[in-house]
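Peer 1: Sequence plus the predicted model coming up.
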Amino acid sequence: MADIDIKEIKRLRELTGVGITDAKQALVEAEGDFDIALEAMRKKGMTKAEKRGEREALSGVVGNYNHDGRIGVLVEINCETDFVARNELFTDFVKDIAMHVAASNPEFLSQEHIPEDVLEQKRSEFADKAKAEGKPEKMIDSIVDGMLKKHFAERCLMEQPFIKDQDKTIGEYTKENIAKLGENIVVRRFARFELGATS
């Protein structure tokens, strides 16, 4: 049996909202691999955050962050009730997301929000690059998929490593807060303004 790190059990609990026993069991079955354990729990429908993610989030706030008068950010983050919208934990989460957007300058909210023409343009560019490097024809599609995923992960807010904790993505940080607050939370949209920027 794999030696399970208590920190990993705690992290899995925070992300999913399940008990210690379930979190430990999932890690044991995955031989200590965190990502496999999390995926297995998702498939079993064990993550409370996933279940909460199905509920509508129509309350929330528009938060802002201003960095030295040079960079300004607006974010809309939704939750289910006004009670949670006024909660300090939720307020801190909104500030963190706005600060992250200021620092990391994402182009898109998530992979689903990338326009089709942008995807196709990059797909074509990466395919040409793979062919020029002499990659085998039958492998080009999977190589291009990998290049696209990596390229856009750096540009999509929900997939970027959180500036305050590089070990988790903004998506994972959001799920942690869903588990803590007991409500669905949706990062809806953002706008970033930089002094002197032309676009």
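Peer 2: Cool, got the structure. Residues are numbered from 1 along each chain as shown.

Peer 1: ok, now which residue in this protein is the farthest from the centroid?
Peer 2: residue 134 (34.1 Å; CA atoms, centre = their mean).

Peer 1: pLDDT score for residue 108?
Peer 2: For residue 108, the model assigns a pLDDT of 95.

Peer 1: which strand residues sit across from it in the sheet?
Peer 2: residue 156 (DSSP bridges).

Peer 1: mind listing what it touches?
Peer 2: 114, 152, 155, 156, 157 (CB atoms under 8 Å, 6 or more residues apart in numbering). In short, each C-beta sits where N, CA and C put it, glycine included.

Peer 1: measure the residue lying closest to the last one once chain neighbours are set aside to residue 59 for me?
Peer 2: Taking CB to CB, 6 or more residues apart in numbering as the measure, residue 157 lies nearest to residue 106, with 4.0 Å between them; neighbours along the chain are not counted. For residue 106, the distance to residue 59 under the criterion CB to CB, to the nearest Å works out to 24 Å.

Peer 1: Distance to residue 37 for the contacts of residue 108 - can I get that in CSV?
Peer 2: Formatted as CSV, the contacts of residue 108 follow (distance: CB to CB, whole Å):
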residue, distance to residue 37
114, 29
152, 26
155, 28
156, 24
157, 25
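
Peer 1: If I look at the residue farthest from the centre of the chain, what pLDDT would I see?
Peer 2: 83.

Peer 1: Name the SS class of it, please.
Peer 2: Assigned state for residue 134: coil (three-state reduction, DSSP: H, G, I helix; E, B strand; the rest coil).

Peer 1: Quick one: name whatever helix or strand follows the lowest-mean-pLDDT helix or strand in the chain.
Peer 2: Ranked by mean pLDDT, DSSP states H and E, the weakest helix or strand in the chain is helix 48-52, scoring a mean of 56. Using DSSP states H and E, the next helix or strand after helix 48-52 towards the C-terminus is strand 59-67.

Peer 1: quick one: the spatially most central residue of the chain and residue 98, what's the gap?
Peer 2: Centroid-nearest residue in the chain, with CA atoms, centre = their mean: residue 171, separated by 2.0 Å. As for residue 171, its distance to residue 98 is 16 Å (criterion: CB to CB).

Peer 1: same question, residue 12
Peer 2: Counting by CB to CB, the gap from residue 12 to residue 98 is 28 Å.

Peer 1: do the same with residue 136
Peer 2: Where residue 98 is concerned, residue 136 sits at a distance of 45 Å (CB to CB).
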